[in-house]
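Engineer: everything below, folded, please.
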Amino acid sequence: MKKIITLLLIICFFITKNVFCQETVEKIFQGKKEVYFHFPITSTNEISYLTKIISIDNVKQNTIWAYANKKQFSKFIKLGYNYTILPAPSLLCEPHMLDNIDVKQPLEWDFYPTYTAYESMMYQFEQEHPDICKIITIGTLPSGRKLLAAKITDNLDTNEDEPEFLYTSSMHGDETTGYVLMLHLIDYLLNNYTSDPRITNMVNNMEIWINPLANPDGTYAGGNSTVNGATRSNDNGVDLNRNYPDFQNGLHPDGEEWQPETILFMDFASQHHFVMGANFHGGAEVFNYPWDTKSELTADNNWWVFVGRQFADTVHENAPNGYFVDLENGITNGYAWYEVDGGRQDYMNFYHNCREVTIELSSTKLLNASQLPAYWNYDYRSFLNYMEQSLYGIRGVVTDAVTGLPVCAKVFIPGHDDDSSFVYSSTESGDYHRLIKAGSYNLTFSAPCYESFAVNNIFVSDLNTTIENVQLQPIPGLSPSFEASKTNLANGETITFSDHSCGNPVSWSWTFEGGNPASSTEQNPAVIYSTNGTFDVTLVISDGTNSQTLVKNDYITVANTIIMQNGTITTCSGNFYDTGGESESYNNNEDYTFTILPVTATGKVKAEFTSFDVEYDNSCDYDWLKIYNGTSVSAALIGTFCGTNSPGTVVATNEQGALTFSFHSDYGATGNGWSAILSCDDSMGTGDEVPSSVKIYPNPITQDKLYIEAPFVINSVRLLDITGKIVAAANPEAMKTQLNVASLYSGIFIVEITSGNFKNFKKIQVIK
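Structural biologist: Down below sits the predicted model:
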């Protein structure tokens, strides 16, 4: 018996077998923010599930290297994998640190700066080259450390017809090769301006932004004087490269709130018109191009392969054999390597139409500082080549044909562009930059209040520029248009109406059925709705002589907010949420049972789930929502739901017309929860309305197409606004289909998918 007990203690302590106990997790972490480990898998099919639990760092054959914080590791350990805890990569060498650095002197670049030295270096760059360099503080973190970026261009305070380009490094704080190489690149550009024609051309014709350190709290987790002890995660133990909105997996795919670094970078991206960029990592040596989150290739996959091969091949010409040869000899499609949800690369490409790539610079995360000069020599030519790609393709300026002022227009290629591969011209100067592989293309230019304009047969050659300037004609006359900040409201909620009318109106007259105020003459009024129901909104605009009217019938829906709780209520209307309400997540350690009864004797409670995100487990043992067809948990179970496997639409079929909801959450991670629209059917439900596994993307929608895929034949698809009005429809009789949503306004919509007797609903968001 003694030998058995000793063996179990050894196993639990050294973590060579999976023995789950909270005490084991506590011993592993001992105050640490994260652990690094590897484990074998039997199939790559497991990756899609695992990537939603832990931060996968690398995949080689059937072995995964990963990081996890305490919450993530507690989940992972339940899965039964045999794993081995590894030393933190940042502890494998003692880095050479410098504190006093003078950028005016020639540097060997064989060091890592202390945090204080880093800040000092950045501001020295500005002081020594004030005509072409400005240091911008993207933001200051709660720790007091700063996210800094160097802006390098010839006219620092002027918006010009030139591409904005962004390099950023070390959002994983322990991947530090790119950190020093980006400081070196800033120095190289500044000191070679005017003396090197190539660098001079780049600085004069580009707006270059370089952020050497995107996660200073992670890089200096061991203190400001050393990068020893650096962590992948930020100060809160969150992997920043899983923390961005994901067009397939929602706004919070990692189940975490947006971190300070994430919010600052999203705001930074929104303030700029970045055409192209890259973020630098370590742990492998490869050019990783989009998408990371899904298997489908981008519309410009041939361009990505061309650019990636140029980067890798140039490295090979200047580096020893064996460097930068991972995966497909130095390049890879992200998803083909392993799935990442919530990554910065996909966020920039999809939401900001920016061609951003992830570049892994060194298999060793914390290089010995003496190796940094060699890696600079391997890579800097490829850095320059990649930057210059932003000057090629199709570019030009879009202006108003009458005033000559810049126009922010959508520039897209019919039959080619997909998943936000189109671009926009900038608001400030009207310039657009459509990077694309050699070929002949037709371009369409469109903007609100302007007539669309098409240019056909534009020829593009690789590594060259084709100029196409366009003037757009304003649409004549008045044309009213508006949108509400929300259309499905809780009782007592205030919303804002935004006027998007064309024709230069000078007056606005609004009528808000059911609203307070009931009318307004403001251009963008705020209105409160305190009565349940569905209401019209009317806008009359005038230019002083003529007027035009727009009525949106049943545009606003107001209902009670119903929160998951213990007890019973009687209602036939409302917005039903988890305990976090509309915008927050539910909490850990929750157990609630909630019964909803219909108002009338013949009514049957109906719940249409418009969003659903509960912590996933393949057996739904962690967090789950169970729905029962009756007045208690003793009634027939309709289903157990977790992950994003939405219940769809559920209708009671029992004599009482009731539905009972039972929710449980464990002590670990949470999801975003759910939202459902409650109503009552007066006829008997079919009982056949069960959830179906479907893919609906992108969500949110920022483009002109919505894609639907299912593992069964789809008979019909309908897209409804929040009032139930059909705004798009298709009858594909196929497993894949798409809807044209170019004419939709910003707001919430419902996708209804029918296959035989099965029906599924999902809420989507349109952002335009």
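Engineer: could you pull out the strands for the stretch 351-500 of the chain?
Structural biologist: 355-360, 393-400, 410-412, 423-424, 431-434, 439-446, 453-460, 465-467, 470-472, 482-484, 488-490, 493-499 (DSSP state E, counting those that start in this stretch).
Engineer: where do the helices of the stretch 301-450 of the chain begin and end?
Structural biologist: For the stretch 301-450 of the chain, the helices defined by DSSP state H, counting those that start in this stretch cover 301-318, 326-329, 334-337, 344-352, 372-388.
Engineer: would JSON lines of those helices with mean neighbour count be doable?
Structural biologist: Where C-beta positions appear, they are placed from N, C-alpha and C, glycine not excepted. Below are the helices of the stretch 301-450 of the chain laid out as JSON lines (neighbours: other Cβ atoms under 10 Å):
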{"stretch": "helix 301-318", "mean neighbour count": "18"}
{"stretch": "helix 326-329", "mean neighbour count": "17"}
{"stretch": "helix 334-337", "mean neighbour count": "19"}
{"stretch": "helix 344-352", "mean neighbour count": "25"}
{"stretch": "helix 372-388", "mean neighbour count": "19"}
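Engineer: wait, which of these is closest to Thr579?
Structural biologist: Nearest of those to Thr579, taken as Cβ to Cβ: helix 344-352 at 28.5 Å.
Engineer: dump that closest one to CSV, keeping only the CA atoms.
Structural biologist: Provided in CSV are the C-alpha atoms of helix 344-352 (Å, rounded to 0.1, in the frame of the first residue of the first chain):
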residue,chain,number,x,y,z
ARG,A,344,-4.9,39.6,-34.5
GLN,A,345,-4.1,38.6,-38.1
ASP,A,346,-7.7,37.6,-39.0
TYR,A,347,-9.1,40.5,-37.1
MET,A,348,-7.1,43.0,-39.2
ASN,A,349,-7.8,41.3,-42.5
PHE,A,350,-11.6,40.9,-41.9
TYR,A,351,-12.6,43.9,-39.8
HIS,A,352,-10.1,46.5,-41.2
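Engineer: pull out the buried residues from the helix or strand in which Met266 is found.
Structural biologist: Following DSSP states H and E, one finds Met266 within helix 260-270. Across helix 260-270, burial judged by 16 or more other Cβ atoms under 10 Å covers Pro260, Glu261, Thr262, Leu264, Phe265, Met266, Phe268, Ala269.
Engineer: from Asp246, how far off is the first one?
Structural biologist: What it means is Pro260. From Pro260 across to Asp246, the span is 19 Å (Cβ to Cβ, to the nearest Å).
Engineer: what's the answer for the second one, then?
Structural biologist: Taking Cβ to Cβ as the criterion, Glu261 is separated from Asp246 by 17 Å.
Engineer: Glu339 too?
Structural biologist: In terms of Cβ to Cβ, Glu339 sits 11 Å off from Asp246.
Engineer: again with Ile77
Structural biologist: 25 Å.
Engineer: these two - which one has more neighbours?
Structural biologist: Per other Cβ atoms under 10 Å, whichever of Ile77 and Asp246 has more neighbours is Asp246, with 26 against 20.
Engineer: pretty sure that one is touching Gly342, no?
Structural biologist: Yes: between Asp246 and Gly342 there is a contact under Cβ atoms under 8 Å: 4.8 Å.
Engineer: got the angle between the helix holding Met266 and helix 344-352?
Structural biologist: Using axes from the mean of the first three to the mean of the last three Cα atoms, to 10 degrees, the inter-axis angle of helix 260-270 relative to helix 344-352 is 40 degrees.
Engineer: elements contacting helix 260-270?
Structural biologist: When contacts are defined as 3 or more Cβ pairs under 8 Å, 6 or more residues apart in numbering; DSSP states H and E, helix 260-270 packs onto strand 133-140, strand 146-152, helix 344-352.
Engineer: partner strands of the first one, parallel or antiparallel?
Structural biologist: Under the criterion DSSP bridges, strand 133-140 sits next to strand 146-152 (antiparallel) in its sheet.
Engineer: mean confidence (pLDDT) on the partner strand, please.
Structural biologist: Strand 146-152 comes out with an average pLDDT of 98.
Engineer: and the next helix or strand past it?
Structural biologist: Strand 146-152 is succeeded, C-terminally, by strand 164-169 (DSSP H and E).
Engineer: can you list the buried residues in the helix or strand just after that next one?
Structural biologist: Toward the C-terminal end, the helix or strand that comes next after strand 164-169 (DSSP H and E) is helix 177-192. Residues of helix 177-192 classed as buried under the neighbour-count rule (16+ other Cβ under 10 Å) are 177-191.
Engineer: over to stretch 592-601?
Structural biologist: For stretch 592-601, using 16+ other Cβ under 10 Å, the buried residues are Tyr592, Thr593, Phe594, Thr595, Ile596, Leu597, Pro598.
Engineer: ok, now stretch 572-589?
Structural biologist: Applying 16+ other Cβ under 10 Å to stretch 572-589 flags 572-582, 585-586 as buried.
Engineer: so for that stretch, what's the average pLDDT?
Structural biologist: Taken as a whole, stretch 572-589 has an average pLDDT of 87.
Engineer: how about stretch 339-358?
Structural biologist: Throughout stretch 339-358, pLDDT has a mean value of 96.
Engineer: now swap in stretch 29-40 and tell me
Structural biologist: 92.
Engineer: which strands or helices does the longest strand along the chain pack on?
Structural biologist: Scanning the chain for the longest strand, with DSSP state E as the assignment, gives strand 547-559. Strand 547-559 sits against strand 482-484, strand 488-490, strand 533-542, with contacts defined as 3+ Cβ pairs under 8 Å, 6+ apart.
Engineer: show me the contacts for the closest residue to Ile436 other than its chain neighbours.
Structural biologist: In space, and not counting its chain neighbours, Ile436 is closest to Gly393: 4.9 Å by Cβ to Cβ, 6 or more residues apart in numbering. Contacts for Gly393 (Cβ atoms under 8 Å, 6 or more residues apart in numbering) come out as His433, Arg434, Leu435, Ile436, Val460, Thr465, Thr466.
Engineer: among the residues you listed, which one has the most neighbours?
Structural biologist: His433 (27 neighbours).
Engineer: test my guess that that one contacts Val398.
Structural biologist: No: using Cβ under 8 Å, His433 is not in contact with Val398, being 11.7 Å away.
Engineer: output the strands of the stretch 351-500 of the chain as TSV; include the columns distance to Leu156.
Structural biologist: Below are the strands of the stretch 351-500 of the chain laid out as TSV (distance: least, Cβ to Cβ, whole Å):
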stretch	distance to Leu156
strand 355-360	23
strand 393-400	21
strand 410-412	27
strand 423-424	24
strand 431-434	17
strand 439-446	30
strand 453-460	31
strand 465-467	24
strand 470-472	28
strand 482-484	37
strand 488-490	46
strand 493-499	34
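Engineer: show me what contacts the residue sitting nearest the centre point of the chain?
Structural biologist: Nearest to the mean C-alpha position of the chain, counting by Cα atoms, centre = their mean, stands Pro245 at 2.5 Å. Pro245 sits next to Leu251, His252, Pro253, Gly342, Tyr347, Tyr351, Pro700 when contact means Cβ under 8 Å, 6+ apart.
Engineer: run the last query once more with 10 Å
Structural biologist: Pro245 is in contact with Leu251, His252, Pro253, Trp258, Thr262, Met266, Gly342, Asp346, Tyr347, Phe350, Tyr351, Pro700, counting by Cβ atoms under 10 Å, 6 or more residues apart in numbering.
Engineer: where's it relative to Arg434, distance?
Structural biologist: For Pro245, the distance to Arg434 - Cβ to Cβ - is 24 Å.
Engineer: for Thr538, same thing?
Structural biologist: Distance from Thr538 to Arg434, by Cβ to Cβ: 40 Å.
Engineer: and for Asp239, the neighbour number?
Structural biologist: Count around Asp239 with other Cβ under 10 Å applied: 29.
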